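In: Kindly generate the corresponding structure for this input.
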Amino acid sequence: MNITENFTLEEFVHSDTAIIKGIKNEPGSRDKLAITNLCAKLLQPLRNAIGKPISINSGYRCQELNAAVGGVPTSQHQKGEAADLSIEGKAGDLLEVLEDSGLPFDQAILYRKKNFLHVSLKLEGEQRKQIIIKQ
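Out: As a prediction, this is how the structure comes out:
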């Protein structure tokens with residue numbers, strides 16, 4: 001099911017860990033609303049701005065999956081409000097485009113060594129526009 005032109009619900013909930021461990025990673029209706037919000041207001045506009053494909057490494061995670069992958073208990077992934085993104089090349093380029101774009105976001109965490117960018121967008125409440133860079 002397409003959420004936006006370049007993002008599907010299937011890729012947002014896909015997890016090799018969930019498959020291996022037999023975890024049912026299905027978002028609820030509020031989670032689906034948050035996923036749609038994230039894709040429509042942040043991921044698709046970011047994809048359009050960078051002009052090349054963005055891969056979702058990790059999107060929605062149910063509580064059991066989040067624990068299985070070592071996610072923090074308060075992870076926004078559990079609410080459908082976060083995604084870990086990769087592009088061909090350096091993920092830092094994606095952060096640069098995000099910073100220049102003026103798009104709304106709650107958090108952007110660049111993982112340089114692992115070469116991905118975590119982004120989040122709250123469904124409700126004020127966005128922190130917090131940028132963190134980890135080695």
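In: how many other residues sit next to the closest residue to Met1 other than its chain neighbours?
Out: Closest residue to Met1 apart from its sequence neighbours, by Cβ to Cβ, 6 or more residues apart in numbering: Leu9 at 4.6 Å. C-betas here are computed from N, CA, C, even on glycine. Residues lying near Leu9 (other Cβ atoms under 10 Å) number 18.
In: Surely Leu9 touches Glu26?
Out: No: under the criterion of Cβ atoms under 8 Å, Leu9 is not in contact with Glu26, lying 10.2 Å apart.
In: can you map out the helices along the chain?
Out: For the chain, the helices defined by DSSP state H cover 9-13, 16-21, 29-38, 44-50, 63-68, 91-101.
In: Tell me which residues are up against the shortest one.
Out: When contacts are taken as Cβ atoms under 8 Å, 6 or more residues apart in numbering, the neighbours of helix 9-13 outside the stretch itself are 1-3, 25-27, 32, 35, 39, 56, 59-60, 80, 83.
In: So which of those residues sits lowest on pLDDT?
Out: Lowest in pLDDT among these is Met1, which has 85.
In: residues near it, how many?
Out: Using other Cβ under 10 Å, Met1 is surrounded by 7 other residues.
In: The one 10 residues further on too?
Out: A count of neighbours around Glu11, defined by other Cβ under 10 Å, yields 13.
In: Do I have it right that Ala83 meets His118?
Out: Yes: if you go by Cβ under 8 Å, Ala83 and His118 touch, sitting 7.4 Å apart.
In: tell me the contacts of the nearest residue to Lys21 once chain neighbours are set aside?
Out: If the residues on either side of it in the chain are set aside, Lys21 comes closest to Ala68, at 5.7 Å by Cβ to Cβ, 6+ apart. Ala68 sits next to 17-18, 21, 23 when contact means Cβ under 8 Å, 6+ apart.
In: Tabulate those residues in JSON lines, adding columns for pLDDT.
Out: JSON lines is the format used below for those (pLDDT from 0 to 100):
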{"residue": "Thr17", "pLDDT": "96"}
{"residue": "Ala18", "pLDDT": "97"}
{"residue": "Lys21", "pLDDT": "97"}
{"residue": "Ile23", "pLDDT": "97"}
